[in-house]
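> have a look; sequence and predicted model below, questions after that.
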Amino acid sequence: MAEHTPTDTTESSSLRTPIVAVLGHVDHGKTTLLDKIRGSAVTEGEAGAITQHIGSTAVPLSVIGEMAGDLVDPEDFDLPGLLFIDTPGHHSFSTLRSRGGALADIAIVVVDVTDGFQPQTEEALDILRRTQTPFIVAANKVDTIPGWNPTDDQPIQASKERQPDRVQSDLDERLYELIGQLSDEGFSADFYWRVQNFQNNIGVVPLSAMTGEGVPDLLTVLMGLSQRYLKEEMAVDVTGPGAGTVLEVTDERGFGTTIDAVVYDGTIRADDQLVVGGLEEPIVTEVRALLQPRPLAEIRTEKEFEKVDSVAAAAGVKIAAPDLDDAMAGAPVRVVRDRPVEEVIAEVEAELAEVEVQTAEEGIVVKADTLGSLEAISSTLEDEEIPIMRAEVGDVAPRDIRVAETANEPTHRAILAFGVDILEDTAALAEQEDVRLFENDVIYQLVEEYDDHVTAIEESQQ
Ligand code: GDP
């Protein structure tokens, strides 16, 4: 891993906001939960205490204190709050990498208490295991339990007391089932109020993202876990040269190609030189403008940005700079300050090289939209012992067909495309060369489609 030498000493060292990501199966309530946290934060925060960043929402400690009522006393904490990544799902989770691992410091895995574990729940757990990210489980939709008496925004104990015995034991039964399923996946888990050590045990928090009951508990556990186990990692030199991750590459009227990034270390200033991971090679450029949405109260249209002089970790920001066309989602952004640009280029290259996909002489071709997703798909394929001949970020192009058609096994004449486009003439060429294209934005579905294809070929050969 690359060395990072802070330019200033201890004086400038302070605690940054822990970054929280939300994962889980489709429809289990990830978006609703994020909206609930954001919505309550806006209400509690009144005069714009909540800050909306690009791609993330910062909820300061004081607002968390208000939202969690008696459960959180801000006096007990010295972390500044929590930064929630706005795009839920494990695709964004794996895309957002930082030096040596996941960008998110903590994850919330949302599981519908009625629906239980589903393929994407397991996929999320696999990713969290691989990245060694601490997480908690939100056992969502408790309000859908037959006979449930909703209690808006209450801590879950207060809410449980209001339920008839039969309803309470119904909930407990479902929670025990989740705890059992987590244990089958190799995680020791328990009701969150019985967990002593959140580093070794997964806390399960029953809640409803819709009514808000149990959300105070979720915030309490997130804060407690961060304060107790992440404090050392949160101690960063916030005035040092900034380090971040590209979230998205977008076109912004008046600014050309810009990148949305999350800064997880140091500060990016409006006059900094930057190195950004690119499709072909690191891009060396200079910040033209740092943009953030206007405070919520002032927003009239959805996209109104204001220029800021600097952005300190942890925060989201839109960066306008020349030559960003080849910037890659999931790639590092580094500030060049007080050190040679070559050193920073080497750092970015080293970080990109960390994303290693095991390739073989014979196998399929994988194309994905970001490094993180490429890594996630490749690891799934590896688990299933499906060999990969080439794995790359980018759209499916005729040259990929040229690679795929060299495979000897008929089952290997295939390209798995995740979140990317198929360029013109490529599909026709694939058909002509008998190369199968598979496209899906959900990893397990993509792999399942390919598996079905392999089964069909094998059956036809019998
Ligand atoms: P996502 O795909 O995981 O982001 O799920 P969404 O947040 O979009 O939720 C899927 C559906 O479940 C939506 O219709 C939500 O209104 C509903 N939903 C989410 N959370 C709850 C909850 O706590 N209670 C109830 N009753 N419905 C919920």
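Perfect, thanks for sending it.

> what does the protein put close to the ligand?
24, 26-32, 88, 140-141, 143-144, 208-210 (Cβ under 6 Å from any ligand atom). Where C-beta positions appear, they are placed from N, C-alpha and C, glycine not excepted.

> just the buried residues of those residues.
24, 28-32, 88, 140-141, 143, 208-210 (16 or more other Cβ atoms under 10 Å).

> tell me where the model's unsure across this protein.
1-13, 40-53, 100, 295-303, 354-357 (pLDDT under 70).

> rerun that using 50 as the cut-off
1-11, 46-48, 299 (pLDDT under 50).

> what about the helices in it?
For the chain, applying DSSP state H gives helices covering 30-45, 61-68, 90-95, 119-131, 156-161, 165-184, 215-225, 231-234, 341-353, 371-383, 398-404, 426-432, 443-461.

> if you count neighbours, what's buried in the shortest one?
This points to helix 231-234. Using 16+ other Cβ under 10 Å as the test for burial, helix 231-234 gives M234.

> residue boundaries of the strands in the stretch 201-350 of the chain?
Secondary structure of the stretch 201-350 of the chain by DSSP state E, counting those that start in this stretch: the strands cover 202-206, 235-237, 243-252, 256-265, 267-269, 273-276, 283-286, 289-293, 305-308, 310-312, 315-320, 332-336.

> tabulate those strands (TSV), appending mean neighbour count.
Shown next, in TSV, are the strands of the stretch 201-350 of the chain (neighbours: other Cβ atoms under 10 Å):
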stretch	mean neighbour count
strand 202-206	24
strand 235-237	19
strand 243-252	21
strand 256-265	23
strand 267-269	22
strand 273-276	23
strand 283-286	18
strand 289-293	20
strand 305-308	14
strand 310-312	21
strand 315-320	25
strand 332-336	25
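
> now for the ones you listed, which one comes closest to P216?
Checking the strands of the stretch 201-350 of the chain against P216 by Cβ to Cβ gives strand 202-206 as the closest, at 9.9 Å.

> what does the closest one contact?
If you take Cβ atoms under 8 Å, 6 or more residues apart in numbering as the criterion, strand 202-206 is touched by 113, 135-139, 142, 156, 160, 171, 175, 178-179, 182, 187-192, 195, 214, 217-218, 221, 225.

> drop anything exposed from the residues you listed.
Applying 16+ other Cβ under 10 Å to the contacts of strand 202-206 flags 113, 135-139, 142, 156, 160, 171, 175, 178-179, 182, 187, 189-192, 195, 214, 217-218, 221, 225 as buried.

> show me what counts as buried in stretch 76-88.
So, applying 16+ other Cβ under 10 Å, buried residues of stretch 76-88: 77, 79-88.

> now, which of those residues sits nearest K367?
T87 (21.1 Å).

> do I have it right that that closest one meets I54?
No. Between T87 and I54 there is no contact under Cβ atoms under 8 Å: 11.0 Å.

> overlap in contacts, the two.
L247.

> quick revisit: state the pair within the buried residues of stretch 76-88 that is farthest apart.
Greatest spatial distance in the buried residues of stretch 76-88: F77 and T87, 26.5 Å, computed using Cβ to Cβ.

> leaving out sequence neighbours, find the closest residue to F305.
In space, F305 comes closest to L291 once its chain neighbours are excluded; the distance is 3.9 Å by Cβ to Cβ, 6 or more residues apart in numbering.

> can you verify my assumption that the one you found contacts V311?
No. Between L291 and V311 there is no contact under Cβ under 8 Å: 9.6 Å.

> between those two, what contacts are shared?
Going by Cβ under 8 Å, 6+ apart, residues that sit against L291 and also against V311 are V317.

> coming back round to it: is the residue nearest to F305 in a bridge, and if so with what?
As for beta bridges, L291 partners with K307, K318 under DSSP bridges.

> how near is it to I268?
Computed with Cβ to Cβ, to the nearest Å, the distance linking L291 and I268 is 12 Å.

> now F135
28 Å.

> also P119?
38 Å.

> cool, S56 as well?
15 Å.

> nearest spatial neighbour of the residue most central in space within the chain, skipping sequence neighbours?
Against the mean C-alpha coordinate of the chain, by Cα atoms, centre = their mean, the closest residue is F93 at 2.1 Å. In space, and not counting its chain neighbours, F93 is closest to A21: 4.8 Å by Cβ to Cβ, 6+ apart.

> that neighbour - how many residues pack around it?
For A21, the neighbour count with other Cβ atoms under 10 Å is 30.

> ok, now which ones touch it?
84-85, 88, 92-93, 96, 102-104, 106-108.

> which residues does it bridge with?
Listed by DSSP bridges, the beta-bridge partners for A21 are A107.

> check contacts around the closest residue to the ligand within the stretch 51-200 of the chain.
For the stretch 51-200 of the chain, the residue closest to the ligand is K141, as judged by Cβ to the nearest ligand atom, at 4.0 Å. By Cβ under 8 Å, 6+ apart, the contact list for K141 reads 28-29, 112-114, 208-210.

> look up how far V262 lies from it.
29 Å.

> just checking, V435 touches I415?
Yes. Taking contacts as Cβ under 8 Å, V435 lies within contact range of I415: 6.4 Å.

> what do these two both touch?
401, 404.

> from the buried residues of stretch 76-88, which ones fall inside strands?
Judged by DSSP state E, strands contain the following of the buried residues of stretch 76-88: 81-85.

> closest to T455 among those residues?
When these are ranked by distance to T455 (Cβ to Cβ), I85 comes first, at 36.9 Å.

> give the bridge partners for the closest one, please.
S56.

> all set now, cheers.
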